[in-house]
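[1] Let's see this in three dimensions:
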Amino acid sequence: MKGLIAKKVGMTQVFDEDGNLTPVTVIHVEPNKVIALKTKENCGYDAVVLGLEDLKPNKVTKPYAGQFSEGITPKRHLKEFRDFEKDVAVGDEVGIELFEGVRFLDVTATSKGKGFQGVMKRWGFHGGRATHGSKFHREPGGTGMNTTPGHCFKNVKMPGRMGCDKVTVQNLRIVKVDPELNVVMVRGAVPGNKDCTLIVKSAVKK
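    Model prediction:
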């Protein structure tokens, strides 16, 4: 598997040679530092730990700094990638060149938080009539049973916290790669706010 830690820049649109417009998300891929290597001998599986974004020394605790080798600045974001397809060593940097020849990506991020929402926004309920005299506009309706068992079932769609979940969007086609700006443009939307941290991997289903 090929994967990196990246940042979401935002959305824009590009035109191809035929003049067709394509909405794209711009992903900034800074070089990732190889923090550690895990092997089957000591961990039971093969993996590479990558890090991104240096931390200030006064922000680092001794237990957290202990996982970084000498000469490597502690990183804010760490991610473990199993079965990494490229041979690397601790201290190496892996950048956008990792995705050469890759056409589709899977992107994972934390979606935007919406707070506490009702059933119409959270689940797409239609609600009741909005006419005069109606007392049922945006309510969820009855949730209990009149007979046995006499209580609400589990997993009933009700109001509650919405968003701020781990979301993966699969099979995003790479439209353009700019090695000079360390930017990848993928067709479609990516979860999360601007400047949020993304986990970008080669597509599993392609």
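
[2] What separation do you get for Asn193 and Asp16?
    28 Å (Cβ to Cβ, to the nearest Å). C-beta coordinates here come from the backbone N, C-alpha and C atoms, glycine included.

[3] hang on, I meant Leu50
    Using Cβ to Cβ, Leu50 is found at 33 Å from Asp16.

[4] and those two? which has more neighbours close in?
    Shown here are Leu50 and Asp16; by other Cβ atoms under 10 Å, Leu50 has more neighbours (25 against 10).

[5] Per-residue pLDDT of the residue nearest to that one when sequence neighbours are not counted, please?
    Spatially, and ignoring its direct neighbours in sequence, Leu50 is nearest to Asn32 (4.1 Å; Cβ to Cβ, 6 or more residues apart in numbering). Note on Asn32: pLDDT of 95.

[6] Need the phi and psi values for Asn32.
    Here is the backbone geometry of Asn32 (degrees, to the nearest 10): phi -90, psi 140.

[7] Who are the contact partners of it?
    Applying Cβ atoms under 8 Å, 6 or more residues apart in numbering, we find Asn32 in contact with 4-5, 50-52, 93-95.

[8] Mind telling me what element the residue of the chain most remote from its centre is part of?
    Most distant from the centre of the chain: Gly133, at 45.6 Å, with distances by Cα atoms, centre = their mean. For Gly133, there is no host helix or strand (DSSP states H and E).

[9] roughly how far apart are it and Val177?
    Counting by Cβ to Cβ, the gap from Gly133 to Val177 is 60 Å.

[10] what's the answer for Phe136, then?
    Phe136 is 53 Å from Val177, where distance means Cβ to Cβ.

[11] Next: Pro159.
    The gap separating Pro159 from Val177 is 43 Å, by Cβ to Cβ.

[12] Going by residue numbers, what spans are strands in this protein?
    Using DSSP state E, the strands found in the chain span residues 3-15, 21-28, 32-38, 47-54, 75-82, 93-94, 104-110, 113-117, 160-163, 166-178, 183-187, 197-202.
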